[in-house]
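[1] Please find the sequence and the predicted model below.
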Amino acid sequence: MEYQNQYNKQLQRIKNGSGFIAALDQSGGSTPKALENYGVTGDDYDNDEAMFDQVHEMRARIMTCEAFDNERVLGAILFEDTMEREVNGKPTANYLWEDKNIVPFLKVDKGLAEQMNGVQVMRPMPNLDLLLDKAKNYPVFGTKMRSVIYEPNVDGIELVVQQQFDVAKQILSKGLMPIVEPEVDINSSKKHECEVILKTSILHNLDRLTDDQQVMLKLTLPEEAGFYQELIDHPKVLKVVALSGGYSRGDACAKLKQNPGMIASFSRAFTEGLSKQQSDDEFADTINTSIKEIYEASKV
């Protein structure tokens, strides 16, 4: 009952609150690059454990910063390792929800399979139920999982969306909110054609959800302004959030402003300009600038 009350409060916060979702979920493959951008090189750690210590230090520095506030930040996506660590003496998700009133999400995918049919589906997740049960020991509201689309291949895109929705139903059955993330690669030469097929496939799968089921969508900012309005307005969609996908923060925010109703869920664009070497004041100024810009673009 207590979990359900907390979930309902978080649901209202995501549904009605203003702000954006910070993606702090770089995992195994993307962590070295994230650290490098933060001014921590491979010479600064000699194994995975030390690497994750470094990235947790970076994330804790962001989360405990005064500028990282619930006026502008609605939620944060965590990696499993981050969920199991502490910030300010509390489990990370508890710190976010109890101290900051920021809704925690958990990245649950295990990375991408090899590219086939112009897409990369997710690797199998045999232990997903165990991970979801673990997430419910913390005040985690929902999950996120990512696939990638490179070419307008109907079979490939339908495979991506079908897999995303199959896993989403498994997550819903555990009482958590899934963020479905079929990313379209921003460097695809046929990005808009991919988006046309993707939207059709998502609509088809949304219509197959039951009346009491809702999902969130995390999508690449579209080529055509307002292209995902139909998804934003769909009764089975709680929220549509945008990934930055390699765009600079300036470009991502400019594109986001052309898509009212979408809010940001940026990773690289969010942490752009942050450095371990910055003083606490410089760090706070940089993160405040980033949060302000992304918040304003999400509010349009």
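    It's in. Residues are numbered from 1 along each chain as shown.

[2] Do you know the pLDDT at residue 32?
    Confidence at residue 32, expressed as pLDDT, is 86.

[3] For it, give its distance to residue 274.
    The gap separating residue 32 from residue 274 is 16 Å, by Cβ to Cβ, to the nearest Å. For the C-beta atoms, the positions are set from N, CA and C on the backbone; glycine is no exception.

[4] same check, this time on residue 282
    Distance of residue 282 to residue 274, given as Cβ to Cβ: 9 Å.

[5] Settle it for me: which of those two has more neighbours?
    Neighbour tally, residue 282 and residue 274, criterion other Cβ atoms under 10 Å: the higher count belongs to residue 274, 19 against 13.

[6] For that one, list the residues it contacts.
    37-38, 58, 62, 283, 286-287, 290 (Cβ atoms under 8 Å, 6 or more residues apart in numbering).

[7] Pop out the phi and psi values for residue 285.
    Dihedral angles phi and psi of residue 285 (degrees, to the nearest 10) take the values phi -60, psi -40.

[8] so who does it touch?
    Counting by Cβ under 8 Å, 6+ apart, residue 285 touches no other residue.

[9] Give the buried residues for whatever helix or strand residue 130 lives in.
    For residue 130, the element it lies in under DSSP states H and E is helix 128-135. Residues of helix 128-135 classed as buried: 128, 131-132, 135 (neighbour count, 16 or more other Cβ atoms under 10 Å).

[10] can you check stretch 50-69 too?
    Here stretch 50-69 shows 51-52, 54-56, 58-63, 65, 67-68 as buried, counting by 16+ other Cβ under 10 Å.

[11] Widest-spaced pair of those?
    The two members of the buried residues of stretch 50-69 with the most space between them (Cβ to Cβ) are 51 and 67, at 25.9 Å.

[12] Residue 216 is in what secondary structure piece?
    Under the criterion of DSSP H and E, residue 216 resides in strand 215-220.

[13] Name every strand pairing with that strand and say which way it goes.
    Using DSSP bridges, strand 215-220 pairs in its sheet with strand 177-184 (parallel), strand 237-243 (parallel).

[14] most neighbours per residue, which of these?
    Among the strands paired with strand 215-220, strand 177-184 has the highest mean neighbour count (mean count of other Cβ atoms under 10 Å), at a mean of 25.

[15] List every C-alpha atom in that one, with coordinates, as PDB.
    C-alpha atoms of strand 177-184 as PDB (Å, rounded to 0.1, in the frame of the first residue of the first chain):
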ATOM      1  CA  MET A 177       6.000   2.900 -15.500                       C
ATOM      2  CA  PRO A 178       8.100   2.000 -18.600                       C
ATOM      3  CA  ILE A 179       9.800   4.600 -20.800                       C
ATOM      4  CA  VAL A 180       9.900   3.100 -24.300                       C
ATOM      5  CA  GLU A 181      12.900   4.500 -26.100                       C
ATOM      6  CA  PRO A 182      13.300   3.600 -29.800                       C
ATOM      7  CA  GLU A 183      16.000   6.100 -30.700                       C
ATOM      8  CA  VAL A 184      16.400   7.200 -34.300                       C
END
